[in-house]
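A.B. asks: how would this look folded up:
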Amino acid sequence: MTSDSRLATNGLILLNLLGALLLGLMVGYERSYHGRAAGMRTYGLVCMASAALTVIGGYPADWFGGHA
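C.D. replies: Numbers count the residues shown, from 1 in each chain. A predicted model of the protein is given here:
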């Protein structure tokens, strides 16, 4: 895998994680605004962690020398 394709893949992974974090923060803000239990931090972390697990499953060749 060339350096340019690794850089592009890492950029895409970063954008996916940041997008999941922002969407989770938005849902968490709405819930905390209405006085419900789990708030911004909880939903942001849960959404980002689930996106990270999906990314790890979606790009196996980029993690610890795995094979596609």
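
A.B. asks: Please count neighbours and contacts with C-alpha atoms only from this point.
C.D. replies: Will do.

A.B. asks: what packs against the helix of greatest length in the chain?
C.D. replies: When the chain is parsed with DSSP state H, its longest helix is helix 3-33. Here helix 3-33 touches helix 40-58, going by 3 or more C-alpha pairs under 8 Å, 6 or more residues apart in numbering; DSSP states H and E.

A.B. asks: The helix it packs on to helix 3-33, inter-axis angle?
C.D. replies: Compare the direction of helix 40-58 with that of helix 3-33 by axes from the mean of the first three to the mean of the last three C-alpha atoms, to 10 degrees and you get 150 degrees.

A.B. asks: Okay, buried residues for stretch 11-28 please.
C.D. replies: Using 16 or more other C-alpha atoms under 10 Å as the test for burial, stretch 11-28 gives I13, N16, L17, L18, A20, L21, L22, G24, L25, M26, V27, G28.

A.B. asks: So what's the model's average confidence on that stretch?
C.D. replies: Averaging pLDDT along stretch 11-28 gives 94.

A.B. asks: Render the CA-only coordinates of that stretch in CSV, please.
C.D. replies: Extracted in CSV, the C-alpha atoms of stretch 11-28 (Å, rounded to 0.1, in the frame of the first residue of the first chain):
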residue,chain,number,x,y,z
GLY,A,11,-8.1,11.0,6.4
LEU,A,12,-11.3,9.1,5.6
ILE,A,13,-11.2,7.3,8.9
LEU,A,14,-10.7,10.6,10.8
LEU,A,15,-13.6,12.2,9.0
ASN,A,16,-15.8,9.2,9.9
LEU,A,17,-14.9,9.4,13.5
LEU,A,18,-15.3,13.2,13.8
GLY,A,19,-18.7,13.0,12.0
ALA,A,20,-19.9,10.3,14.4
LEU,A,21,-18.7,12.4,17.3
LEU,A,22,-20.5,15.5,16.1
LEU,A,23,-23.8,13.6,15.4
GLY,A,24,-23.6,12.0,18.8
LEU,A,25,-23.0,15.3,20.5
MET,A,26,-26.1,16.8,18.7
VAL,A,27,-28.3,13.9,19.8
GLY,A,28,-26.9,14.2,23.4
